[in-house]
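*Asks:* Provide a 3D model corresponding to the input given below.
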Amino acid sequence: MTRLALTVALAFALPSLASAQEAQSVRLGFFPNLTHAPALVGLERGTFQKALGKVKLEPKEFVSGTTLTEAFAAGQIDIAYIGPGPAINAIGRGMPVQIIAGASEAGAVLVARKDSAIKSYKDLAGKTVAVPSLGNTQDISLRHILNENDLKSKADGGNVTITPVAPADVMAAFAAKRVDATLVPEPWGAVLEAQGHRIIGTEKTVWRGGNYPTTIVIVNAKFAQANPALVTAFLKAHTDAVAFLNKSPAAAQAAVNKQLLALTGAKIDLRVLQRAFARTRFTTALDPAALKEYAALNVEAGYARSAPDLTPFLRK
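*Replies:* Just a heads-up that it's a prediction; the model follows:
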(Lines give C-alpha, C1' and ligand atoms only; values in the text may rest on other atoms or scores of the structure.)
Protein backbone atom coordinates (compact mmCIF):
# COMPACT_ATOMS: atom_id res chain seq x y z
CA MET A 1 0.00 0.00 0.00
CA THR A 2 1.39 3.42 -0.94
CA ARG A 3 1.82 6.15 1.67
CA LEU A 4 -1.04 8.14 0.12
CA ALA A 5 -3.35 5.15 0.02
CA LEU A 6 -2.47 4.40 3.64
CA THR A 7 -3.36 8.00 4.55
CA VAL A 8 -6.84 7.62 3.10
CA ALA A 9 -7.30 4.17 4.61
CA LEU A 10 -6.51 5.58 8.04
CA ALA A 11 -8.87 8.47 7.41
CA PHE A 12 -11.67 5.98 6.84
CA ALA A 13 -10.67 3.64 9.63
CA LEU A 14 -10.13 6.22 12.38
CA PRO A 15 -12.65 9.04 12.09
CA SER A 16 -12.36 11.50 14.95
CA LEU A 17 -14.95 11.52 17.71
CA ALA A 18 -16.14 14.90 16.49
CA SER A 19 -16.61 13.77 12.87
CA ALA A 20 -18.31 10.55 14.06
CA GLN A 21 -21.22 12.72 15.23
CA GLU A 22 -23.91 13.29 12.61
CA ALA A 23 -23.23 16.60 10.93
CA GLN A 24 -25.58 19.52 11.58
CA SER A 25 -24.46 21.33 8.45
CA VAL A 26 -22.78 20.72 5.11
CA ARG A 27 -20.16 23.30 4.14
CA LEU A 28 -20.03 23.55 0.35
CA GLY A 29 -17.22 25.25 -1.60
CA PHE A 30 -17.59 26.43 -5.20
CA PHE A 31 -16.56 29.19 -7.65
CA PRO A 32 -18.73 31.81 -9.44
CA ASN A 33 -17.91 30.37 -12.88
CA LEU A 34 -19.98 28.60 -15.51
CA THR A 35 -17.75 25.57 -15.09
CA HIS A 36 -19.32 25.31 -11.61
CA ALA A 37 -22.84 25.63 -13.01
CA PRO A 38 -24.18 22.51 -11.20
CA ALA A 39 -23.38 24.29 -7.92
CA LEU A 40 -24.96 27.56 -9.11
CA VAL A 41 -28.11 25.77 -10.31
CA GLY A 42 -28.36 23.66 -7.16
CA LEU A 43 -28.12 26.80 -5.01
CA GLU A 44 -30.50 28.92 -7.10
CA ARG A 45 -33.20 26.21 -7.25
CA GLY A 46 -32.74 25.09 -3.65
CA THR A 47 -31.97 21.56 -4.83
CA PHE A 48 -29.16 20.95 -2.37
CA GLN A 49 -30.97 22.24 0.72
CA LYS A 50 -34.08 20.22 -0.15
CA ALA A 51 -31.98 17.06 -0.47
CA LEU A 52 -30.25 17.65 2.87
CA GLY A 53 -33.51 18.19 4.75
CA LYS A 54 -33.00 19.67 8.21
CA VAL A 55 -29.21 19.66 7.87
CA LYS A 56 -28.17 23.23 7.01
CA LEU A 57 -26.32 23.92 3.77
CA GLU A 58 -23.55 26.49 4.19
CA PRO A 59 -22.29 27.53 0.74
CA LYS A 60 -19.06 29.50 0.43
CA GLU A 61 -17.61 30.90 -2.80
CA PHE A 62 -13.92 30.95 -3.70
CA VAL A 63 -12.03 32.56 -6.58
CA SER A 64 -9.79 29.57 -7.26
CA GLY A 65 -8.96 26.01 -6.36
CA THR A 66 -5.85 27.15 -4.55
CA THR A 67 -7.78 29.18 -1.97
CA LEU A 68 -10.46 26.51 -1.69
CA THR A 69 -7.82 23.86 -1.01
CA GLU A 70 -6.44 25.97 1.84
CA ALA A 71 -9.92 26.06 3.41
CA PHE A 72 -10.30 22.32 2.82
CA ALA A 73 -6.97 21.68 4.55
CA ALA A 74 -8.12 23.79 7.50
CA GLY A 75 -11.23 21.62 7.89
CA GLN A 76 -13.59 24.44 6.82
CA ILE A 77 -15.15 22.68 3.80
CA ASP A 78 -16.93 19.30 3.63
CA ILE A 79 -17.87 19.05 -0.06
CA ALA A 80 -16.47 21.11 -2.92
CA TYR A 81 -16.63 21.78 -6.62
CA ILE A 82 -13.02 22.18 -7.69
CA GLY A 83 -10.67 21.77 -10.64
CA PRO A 84 -8.74 18.51 -11.00
CA GLY A 85 -5.37 20.24 -10.60
CA PRO A 86 -5.88 21.49 -7.02
CA ALA A 87 -7.72 18.28 -6.09
CA ILE A 88 -4.80 16.13 -7.22
CA ASN A 89 -2.34 18.44 -5.46
CA ALA A 90 -4.40 18.05 -2.27
CA ILE A 91 -4.21 14.27 -2.60
CA GLY A 92 -0.45 14.54 -3.09
CA ARG A 93 -0.22 16.56 0.13
CA GLY A 94 -1.98 13.78 2.05
CA MET A 95 -5.33 15.50 2.55
CA PRO A 96 -8.34 13.19 3.11
CA VAL A 97 -9.85 13.78 -0.35
CA GLN A 98 -12.37 11.52 -2.06
CA ILE A 99 -13.35 12.32 -5.66
CA ILE A 100 -17.04 11.50 -5.92
CA ALA A 101 -18.32 12.86 -9.28
CA GLY A 102 -17.63 14.87 -12.37
CA ALA A 103 -19.29 18.27 -12.89
CA SER A 104 -18.06 19.90 -16.10
CA GLU A 105 -15.68 19.36 -19.00
CA ALA A 106 -13.85 21.83 -21.29
CA GLY A 107 -15.17 25.39 -20.75
CA ALA A 108 -11.85 27.26 -20.67
CA VAL A 109 -10.36 29.45 -23.42
CA LEU A 110 -7.16 31.40 -23.97
CA VAL A 111 -7.97 35.04 -24.79
CA ALA A 112 -5.55 37.76 -25.98
CA ARG A 113 -6.16 41.47 -25.41
CA LYS A 114 -7.45 43.00 -28.64
CA ASP A 115 -4.71 45.64 -28.87
CA SER A 116 -1.93 43.12 -28.27
CA ALA A 117 0.02 41.49 -31.09
CA ILE A 118 -0.81 38.00 -29.81
CA LYS A 119 -2.35 35.77 -32.47
CA SER A 120 -0.92 32.37 -31.55
CA TYR A 121 0.46 30.49 -28.56
CA LYS A 122 4.04 31.29 -29.62
CA ASP A 123 3.22 35.02 -29.48
CA LEU A 124 2.90 34.68 -25.70
CA ALA A 125 6.70 35.03 -25.50
CA GLY A 126 7.56 38.10 -23.44
CA LYS A 127 3.92 38.65 -22.44
CA THR A 128 1.98 38.58 -19.18
CA VAL A 129 -0.74 35.93 -18.96
CA ALA A 130 -3.38 35.77 -16.22
CA VAL A 131 -4.72 32.60 -14.61
CA PRO A 132 -7.22 32.36 -11.72
CA SER A 133 -4.43 31.41 -9.31
CA LEU A 134 -1.01 29.81 -9.33
CA GLY A 135 -1.33 26.04 -9.11
CA ASN A 136 -4.94 25.96 -10.26
CA THR A 137 -6.25 23.97 -13.23
CA GLN A 138 -5.86 26.76 -15.81
CA ASP A 139 -2.34 27.53 -14.58
CA ILE A 140 -1.33 23.90 -15.04
CA SER A 141 -2.94 23.81 -18.50
CA LEU A 142 -1.18 27.06 -19.49
CA ARG A 143 2.22 25.72 -18.47
CA HIS A 144 1.57 22.63 -20.62
CA ILE A 145 0.70 24.88 -23.59
CA LEU A 146 3.92 26.83 -23.05
CA ASN A 147 5.91 23.62 -22.84
CA GLU A 148 4.45 22.35 -26.12
CA ASN A 149 5.42 25.63 -27.79
CA ASP A 150 8.99 25.74 -26.45
CA LEU A 151 8.15 28.52 -24.00
CA LYS A 152 8.60 28.77 -20.22
CA SER A 153 7.41 30.97 -17.42
CA LYS A 154 9.86 33.45 -15.93
CA ALA A 155 9.95 31.36 -12.76
CA ASP A 156 11.20 28.45 -14.88
CA GLY A 157 13.84 30.52 -16.70
CA GLY A 158 11.65 31.63 -19.62
CA ASN A 159 10.11 34.96 -20.58
CA VAL A 160 6.35 34.48 -20.01
CA THR A 161 5.00 36.11 -16.87
CA ILE A 162 2.16 34.14 -15.27
CA THR A 163 0.12 36.17 -12.81
CA PRO A 164 -2.99 35.36 -10.73
CA VAL A 165 -6.17 37.35 -11.44
CA ALA A 166 -9.67 36.33 -10.33
CA PRO A 167 -11.70 35.44 -13.46
CA ALA A 168 -14.37 38.08 -12.84
CA ASP A 169 -11.60 40.71 -12.55
CA VAL A 170 -9.85 39.92 -15.85
CA MET A 171 -11.98 42.46 -17.78
CA ALA A 172 -10.62 45.23 -15.56
CA ALA A 173 -7.08 43.86 -15.88
CA PHE A 174 -7.42 43.94 -19.70
CA ALA A 175 -8.81 47.50 -19.62
CA ALA A 176 -5.88 48.66 -17.47
CA LYS A 177 -3.44 46.72 -19.71
CA ARG A 178 -2.04 44.91 -16.69
CA VAL A 179 -2.12 41.60 -18.56
CA ASP A 180 -1.83 40.70 -22.25
CA ALA A 181 -3.76 37.43 -22.27
CA THR A 182 -5.58 35.02 -19.99
CA LEU A 183 -6.49 31.35 -19.78
CA VAL A 184 -9.86 31.71 -18.15
CA PRO A 185 -12.93 29.57 -17.40
CA GLU A 186 -16.32 30.45 -18.88
CA PRO A 187 -18.37 32.59 -18.97
CA TRP A 188 -15.51 35.09 -18.61
CA GLY A 189 -13.89 34.02 -21.91
CA ALA A 190 -17.13 34.70 -23.78
CA VAL A 191 -17.50 38.04 -21.98
CA LEU A 192 -14.01 39.08 -23.09
CA GLU A 193 -14.74 37.92 -26.64
CA ALA A 194 -17.91 40.05 -26.69
CA GLN A 195 -15.74 43.04 -25.79
CA GLY A 196 -13.68 42.47 -28.93
CA HIS A 197 -10.78 40.56 -27.43
CA ARG A 198 -9.33 37.68 -29.43
CA ILE A 199 -9.60 33.96 -28.66
CA ILE A 200 -6.36 32.22 -29.59
CA GLY A 201 -7.11 28.92 -27.86
CA THR A 202 -10.56 27.36 -27.85
CA GLU A 203 -11.89 24.87 -25.33
CA LYS A 204 -10.90 22.15 -27.82
CA THR A 205 -7.34 23.30 -28.56
CA VAL A 206 -6.39 24.09 -24.97
CA TRP A 207 -5.92 20.38 -24.20
CA ARG A 208 -7.00 16.88 -25.20
CA GLY A 209 -9.43 17.99 -27.92
CA GLY A 210 -11.75 19.39 -25.27
CA ASN A 211 -12.17 16.00 -23.59
CA TYR A 212 -10.88 16.94 -20.17
CA PRO A 213 -12.45 17.54 -16.75
CA THR A 214 -12.62 21.17 -15.69
CA THR A 215 -14.59 20.71 -12.48
CA ILE A 216 -15.05 17.67 -10.27
CA VAL A 217 -16.76 17.12 -6.90
CA ILE A 218 -14.72 16.13 -3.87
CA VAL A 219 -15.61 15.35 -0.27
CA ASN A 220 -13.58 15.22 2.91
CA ALA A 221 -13.07 11.47 3.40
CA LYS A 222 -13.61 11.74 7.16
CA PHE A 223 -16.89 13.59 6.59
CA ALA A 224 -17.97 10.95 4.06
CA GLN A 225 -17.17 8.16 6.52
CA ALA A 226 -19.21 9.80 9.28
CA ASN A 227 -22.09 11.02 7.07
CA PRO A 228 -22.67 8.58 4.18
CA ALA A 229 -26.40 9.42 3.91
CA LEU A 230 -25.67 13.14 3.54
CA VAL A 231 -23.08 12.50 0.84
CA THR A 232 -25.52 10.24 -1.02
CA ALA A 233 -28.25 12.89 -0.76
CA PHE A 234 -25.92 15.60 -2.02
CA LEU A 235 -24.81 13.44 -4.94
CA LYS A 236 -28.43 12.88 -5.95
CA ALA A 237 -29.04 16.63 -5.87
CA HIS A 238 -25.85 17.18 -7.90
CA THR A 239 -27.08 14.64 -10.47
CA ASP A 240 -30.43 16.46 -10.64
CA ALA A 241 -28.64 19.80 -11.21
CA VAL A 242 -26.55 18.37 -14.04
CA ALA A 243 -29.67 16.85 -15.65
CA PHE A 244 -31.43 20.22 -15.40
CA LEU A 245 -28.50 21.95 -17.13
CA ASN A 246 -28.62 19.48 -20.00
CA LYS A 247 -32.41 19.14 -20.38
CA SER A 248 -33.52 22.73 -19.72
CA PRO A 249 -30.70 24.98 -20.96
CA ALA A 250 -32.77 28.18 -21.17
CA ALA A 251 -34.02 27.89 -17.59
CA ALA A 252 -30.55 26.79 -16.46
CA GLN A 253 -28.95 29.85 -18.09
CA ALA A 254 -31.39 32.10 -16.23
CA ALA A 255 -30.55 30.37 -12.94
CA VAL A 256 -26.81 30.64 -13.55
CA ASN A 257 -27.11 34.31 -14.48
CA LYS A 258 -28.98 35.09 -11.27
CA GLN A 259 -26.27 33.47 -9.18
CA LEU A 260 -23.43 35.17 -11.11
CA LEU A 261 -25.12 38.55 -10.64
CA ALA A 262 -25.54 37.93 -6.92
CA LEU A 263 -21.98 36.65 -6.46
CA THR A 264 -19.97 38.91 -8.78
CA GLY A 265 -22.24 41.86 -9.60
CA ALA A 266 -21.92 40.99 -13.30
CA LYS A 267 -25.07 40.30 -15.33
CA ILE A 268 -24.08 38.40 -18.44
CA ASP A 269 -25.82 39.11 -21.75
CA LEU A 270 -27.91 36.08 -22.64
CA ARG A 271 -26.27 35.61 -26.06
CA VAL A 272 -22.84 35.73 -24.43
CA LEU A 273 -23.90 33.21 -21.81
CA GLN A 274 -25.26 30.90 -24.53
CA ARG A 275 -21.88 31.02 -26.27
CA ALA A 276 -20.16 30.08 -23.02
CA PHE A 277 -22.64 27.22 -22.48
CA ALA A 278 -21.83 25.87 -25.96
CA ARG A 279 -18.17 25.54 -24.93
CA THR A 280 -18.90 23.70 -21.69
CA ARG A 281 -20.26 20.18 -21.07
CA PHE A 282 -21.96 19.14 -17.86
CA THR A 283 -21.62 15.58 -16.63
CA THR A 284 -21.48 13.54 -13.45
CA ALA A 285 -19.09 11.06 -15.05
CA LEU A 286 -15.44 10.80 -14.05
CA ASP A 287 -12.74 10.06 -16.62
CA PRO A 288 -9.94 8.23 -14.74
CA ALA A 289 -7.65 8.34 -17.80
CA ALA A 290 -7.98 12.12 -18.10
CA LEU A 291 -7.39 12.55 -14.37
CA LYS A 292 -4.27 10.39 -14.63
CA GLU A 293 -2.97 12.58 -17.45
CA TYR A 294 -3.76 15.67 -15.38
CA ALA A 295 -1.68 14.27 -12.54
CA ALA A 296 1.20 13.98 -14.99
CA LEU A 297 0.70 17.62 -16.05
CA ASN A 298 0.98 18.59 -12.36
CA VAL A 299 4.43 17.03 -12.34
CA GLU A 300 5.35 18.68 -15.65
CA ALA A 301 4.26 22.06 -14.22
CA GLY A 302 6.49 21.54 -11.19
CA TYR A 303 3.68 21.38 -8.65
CA ALA A 304 4.37 17.76 -7.69
CA ARG A 305 7.39 15.48 -7.72
CA SER A 306 5.40 12.43 -8.76
CA ALA A 307 1.89 11.58 -9.96
CA PRO A 308 -0.16 9.77 -7.27
CA ASP A 309 -2.18 6.66 -8.02
CA LEU A 310 -5.69 8.14 -7.96
CA THR A 311 -7.55 4.82 -7.91
CA PRO A 312 -7.98 4.67 -4.08
CA PHE A 313 -9.39 8.21 -4.09
CA LEU A 314 -12.16 7.67 -6.67
CA ARG A 315 -15.66 6.84 -5.46
CA LYS A 316 -16.56 3.32 -6.49
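
*Asks:* Can you tell me which residue is spatially central in the protein?
*Replies:* Centroid check for the chain by C-alpha atoms, centre = their mean gives residue 83 as the closest residue, at 2.9 Å.

*Asks:* Chain neighbours aside, what residue packs nearest to that one?
*Replies:* The shortest distance from residue 83 to any non-neighbouring residue, by C-beta to C-beta, 6 or more residues apart in numbering, is to residue 137 (3.1 Å). All C-beta spots, glycine's among them, are computed from the backbone N, C-alpha and C.

*Asks:* Compute the first-to-last residue distance for stretch 174-191.
*Replies:* 12 Å (C-alpha to C-alpha, to the nearest Å).

*Asks:* Stretch 33-51 too?
*Replies:* Across stretch 33-51, first to last residue, C-alpha to C-alpha, it's 23 Å.

*Asks:* got a pLDDT number for the residue nearest to the centre of the chain?
*Replies:* Per-residue pLDDT puts residue 83 at 93.

*Asks:* do the same with residue 142
*Replies:* At residue 142, pLDDT is 96.

*Asks:* ok, now which ones touch it?
*Replies:* 110, 129, 131, 162, 183 (C-beta atoms under 8 Å, 6 or more residues apart in numbering).

*Asks:* Now with 6 Å, please.
*Replies:* Going by C-beta atoms under 6 Å, 6 or more residues apart in numbering, residue 142 touches 131, 183.

*Asks:* so which strand or helix has it?
*Replies:* Per DSSP states H and E, residue 142 falls inside helix 137-148.

*Asks:* which other residues reach the helix or strand following that helix?
*Replies:* Using DSSP H and E, the next helix or strand after helix 137-148 towards the C-terminus is strand 161-164. With contacts defined as C-beta under 6 Å, 6+ apart, strand 161-164 is touched by 128, 129, 130, 133, 134, 153, 154.

*Asks:* at 8 Å instead, please
*Replies:* With C-beta under 8 Å, 6+ apart as the test, strand 161-164 has contacts from 64, 127-134, 139, 142-143, 153-155, 179.

*Asks:* if we can go back for a sec, confirm for me that the residue nearest to residue 83 is in contact with residue 81.
*Replies:* No. Under the criterion of C-beta atoms under 8 Å, residue 137 is not in contact with residue 81, lying 11.8 Å apart.

*Asks:* More neighbours: the two, which one.
*Replies:* Using other C-beta atoms under 10 Å, the more surrounded residue of residue 137 and residue 81 is residue 137, with 32 against 27.

*Asks:* where does the stretch 51-200 of the chain have low pLDDT?
*Replies:* Across the stretch 51-200 of the chain, nothing is flagged by pLDDT under 70.

*Asks:* correct me, but residue 97 touches residue 87?
*Replies:* Yes. Residue 97 is within contact range of residue 87, at 6.2 Å (criterion: C-beta under 8 Å).

*Asks:* follow-up on the earlier one: residue 216 is in contact with the residue nearest to the centre of the chain, correct?
*Replies:* Yes. Between residue 83 and residue 216 there is a contact under C-beta under 8 Å: 7.5 Å.

*Asks:* Neighbours of the nearest residue to residue 299 once chain neighbours are set aside, how many?
*Replies:* Spatial nearest neighbour of residue 299, chain neighbours left out: residue 307 (5.4 Å); criterion: C-beta to C-beta, 6+ apart. Neighbour count of residue 307, defined by other C-beta under 10 Å: 18.

*Asks:* all strands of the stretch 151-300 of the chain, in order?
*Replies:* Assigned by DSSP state E, counting those that start in this stretch, the strands in the stretch 151-300 of the chain fall at 161-164, 181-185, 198-201, 213-220, 280-282.

*Asks:* Relative to residue 42, which of those is closest?
*Replies:* Among the strands of the stretch 151-300 of the chain, the nearest to residue 42 by C-beta to C-beta is strand 213-220 (10.8 Å).

*Asks:* Name every strand pairing with the closest one and say which way it goes.
*Replies:* If you go by DSSP bridges, strand 213-220 pairs up with strand 79-82 (antiparallel), strand 97-106 (antiparallel).

*Asks:* Reformat the ones you listed as TSV; add distance to residue 31.
*Replies:* Shown next, in TSV, are the strands paired with strand 213-220 (distance: least, C-beta to C-beta, whole Å):
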stretch	distance to residue 31
strand 79-82	7
strand 97-106	11
